[in-house]
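Colleague: quick one, structure for this:
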Amino acid sequence: MECPLEWPEPVVPVQSLADAAVIPDRYVKPPSERPGDASKDASVDMIPIVDLGGLTGGAAEREATMREISGACKEWGFFQVVNHGVSPELMRRAREVWREFFHLPPEEKQVFANSPNTFEGYGSRLGIQKGASLDWGDYFFLHLRPESIKNQDKWPALPASLRKITEAYGTEVVKLCGVLMQVLSITLGLDESFLQKAFGEEEAGACMRVNYYPKCPQPDLTLGISSHSDPGGFTILLPDERVQGLQVRKGDAWVTVQSVPHAFIVNLGDQIQVLSNAIYKSVEHRVFVNAAEARISIALFYNPKGDLLVGPAPETVTPDRPPLYKPMTFDKYRLFIRKKGLCGKSQVESLIAM
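Modeller: The predicted model follows:
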């Protein structure tokens with residue numbers, strides 16, 4: 001069953017609700033899912049920060065950097081990277097030009113309103129269930145790779161520099177993805193090209209979701225994005241350095257990520273969990289909002305080619321560790337989120353081989 005071409009009910013941009021005194025009932029989360037006063041999170045836990053400059057050093061430095069990444073993947077599923085090769089100025093310009101887009105008049109943005117069939121364009125919801133609980137955020141979703149599906153005519157024409165900056169930014173971050181794919185392959189004991197081949201090499205997918213979380217009159221009752229693990233391979237997130245909001249599940253606690261200047265936040269997705277036979281795991285995360293300021297972030301998702309079967313790598317399977325997951329194409333896998341929205345880790349858990 002494919003997704004419908006239209007949403008089941010009118011889509012209301014969250015930005016249009018930001019000045020209300022109270023939030024509509026559709027955005028109020030059940031008490032067990034509410035963040036409370038997340039902006040005052042007192043946790044001292046920090047996700048690891050990895051200096052990728054070590055990958056270009058001597059053998060000992062390179063090996064130490066890889067151990068750091070492997071440890072972060074096993075313990076957290078998240079880490080921050082610095083000295084990653086992407087210009088801080090390009091990062092700043094990407095963030096600011098998209099902030100300008102979300103400040104355009106509503107009619108300029110609605111030209112790019114999306115559908116549940118592809119999500120490409122401007123939107124405010126994910127799942128297609130009528131009457132579903134909604135998150136406090138708007139977004140713009142677009143394809144970067146492979147070239148065969150990239151269509152810049154679907155990217156905003158305003159601000160005038162947006163397409164050029166987005167293309168340059170995407171190109172540089174995709175290069176970083178290639179480096180991380182090699183590192184993850186090696187640290188899993190695989191040939192350094194294994195994951196890139198498993199993703200379809202040049203046909204691997206890269207897409208971008210720009211998230212805009214307007215200020216919220218009742219931030220303790222809702223979430224910018226509900227708890228979920230990312231369905232794809234892994235995610236490179238450019239956070240808003242002025243406003244924190246990302247939280248990562250660590251055991252039974254939620255840890256607020258304190259981003260460092262000029263860093264990307266990297267997190268593993270479900271496809272890496274499957275390919276690694278759960279040596280590396282995707283981790284639930286969510287976003288809280290606040291009453292004073294809007295927040296923007298740019299997530300680049302690096303994913304397998306949609307029609308390739310993805311299952312545990314043979315090298316990760318042993319007599320003591322049988323294959324944990326049934327193979328599935330990414331096209332089929334991501335239909336789950338398109339239909340039901342964000343639901344923790346229930347999708348990857350449904351693949352567990354019985």
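
Colleague: what's the spacing between Leu190 and Thr166?
Modeller: From Leu190 across to Thr166, the span is 32 Å (Cβ to Cβ, to the nearest Å). The way it works is simple: take the backbone N, C-alpha and C, and place the C-beta from them, glycine included.

Colleague: compare these two and say which is more crowded by neighbours.
Modeller: Thr166 (24 against 20; other Cβ atoms under 10 Å).

Colleague: may I have the phi/psi pair for the residue of the chain positioned farthest from its centre?
Modeller: Distance from the centre of the chain peaks at Pro319, with 33.9 Å (Cα atoms, centre = their mean). Per-residue torsions, Pro319: phi -60, psi -30 (degrees, to the nearest 10).

Colleague: can you read off the pLDDT for Ala38?
Modeller: With respect to pLDDT, Ala38 has a value of 53.

Colleague: ignore what I typed, I meant Thr56.
Modeller: Here, the pLDDT recorded for Thr56 equals 94.

Colleague: what do you get for the one 10 residues further on?
Modeller: Per-residue confidence (pLDDT) for Met66: 98.

Colleague: name the helices or strands packed onto the strand or helix carrying it?
Modeller: Here Met66 sits within helix 59-75, counting by DSSP states H and E. Other helices and strands packing on helix 59-75, by 3 or more Cβ pairs under 8 Å, 6 or more residues apart in numbering; DSSP states H and E, are strand 49-51, strand 78-82, helix 162-187.

Colleague: what comes up buried for that helix?
Modeller: Thr65, Met66, Glu68, Ile69, Ser70, Ala72, Cys73 (16 or more other Cβ atoms under 10 Å).

Colleague: give me the angle between it and strand 78-82.
Modeller: Angle, helix 59-75 to strand 78-82, by axes from the mean of the first three to the mean of the last three Cα atoms, to 10 degrees: 150 degrees.

Colleague: what does helix 59-75 rub up against?
Modeller: Here helix 59-75 makes contact (Cβ atoms under 8 Å, 6 or more residues apart in numbering) with 47-48, 50-52, 54-57, 78-79, 180, 183-184, 186-187, 268, 279-281.

Colleague: of all the buried residues of helix 59-75, which two lie farthest apart?
Modeller: Thr65 and Cys73 (12.9 Å; Cβ to Cβ).

Colleague: would you map the helices across the stretch 201-350 of the chain?
Modeller: Along the stretch 201-350 of the chain, the segments classed as helices by DSSP state H, counting those that start in this stretch run 270-275, 330-340, 346-349.

Colleague: comparing those, which gets the lowest mean pLDDT score?
Modeller: Looking at the helices of the stretch 201-350 of the chain, the lowest mean pLDDT belongs to helix 346-349 (a mean of 58).

Colleague: surely Ile279 is in contact with Leu188?
Modeller: Yes: with contacts counted by Cβ atoms under 8 Å, Ile279 reaches Leu188, the gap being 6.2 Å.

Colleague: ok, these two, which is more surrounded?
Modeller: Neighbour count, other Cβ under 10 Å: between Ile279 and Leu188, Leu188 has more, with 21 against 18.

Colleague: between Ile279 and Leu188, what contacts are shared?
Modeller: Here Ile279 and Leu188 share the contacting residues Thr316, scored by Cβ under 8 Å, 6+ apart.

Colleague: residues touching the nearest residue to Thr316 once chain neighbours are set aside, list them.
Modeller: Distance criterion Cβ to Cβ, 6 or more residues apart in numbering; nearest residue to Thr316, sequence neighbours excluded, is Asn277 at 3.8 Å. Applying Cβ under 8 Å, 6+ apart to Asn277 gives the contacts Pro312, Ala313, Thr316, Val317, Arg321, Pro323, Leu324, Tyr325.

Colleague: what about 6 Å?
Modeller: Counting by Cβ atoms under 6 Å, 6 or more residues apart in numbering, Asn277 touches Pro312, Thr316, Leu324.

Colleague: how much space between it and Ser193?
Modeller: According to Cβ to Cβ, Asn277 stands 19 Å off from Ser193.

Colleague: re the thing from before, and Val243, which of the helices and strands packed on helix 59-75 is closest to it?
Modeller: For Val243, the closest of the helices and strands packed on helix 59-75 is strand 78-82, at 16.6 Å, according to Cβ to Cβ.

Colleague: what sits against Ile272?
Modeller: Contacts of Ile272 (Cβ under 6 Å, 6+ apart): Gly233, Phe234, Tyr280.

Colleague: list the contacts of the first one.
Modeller: Read it as Gly233. Gly269, Gln271, Ile272, Tyr302, Asn303.

Colleague: give me that answer again for 10 Å
Modeller: Neighbouring residues of Gly233 by Cβ atoms under 10 Å, 6 or more residues apart in numbering: 177, 180-181, 184, 195, 198-199, 204-206, 268-275, 282, 301-304, 310, 330.

Colleague: shaky segments in the chain?
Modeller: Low-confidence segments of the chain, defined by pLDDT under 70, are located at 1-4, 37-44, 337-354.

Colleague: what about stretch 74-87, distance to the chain center?
Modeller: Its chain's C-alpha centre and that of stretch 74-87 lie 14 Å apart, by Cα atoms, centre = their mean, to the nearest Å.

Colleague: out of the buried residues of helix 59-75, flag the one nearest to Gln218.
Modeller: Relative to Gln218, the closest of these is Ala72; by Cβ to Cβ it sits at 34.7 Å.

Colleague: just the strands in the stretch 201-350 of the chain please.
Modeller: All strands of the stretch 201-350 of the chain, identified by DSSP state E, counting those that start in this stretch, fall at 205-213, 225-228, 234-238, 246-250, 253-256, 264-268, 285-287, 295-303, 309-310, 328-329.
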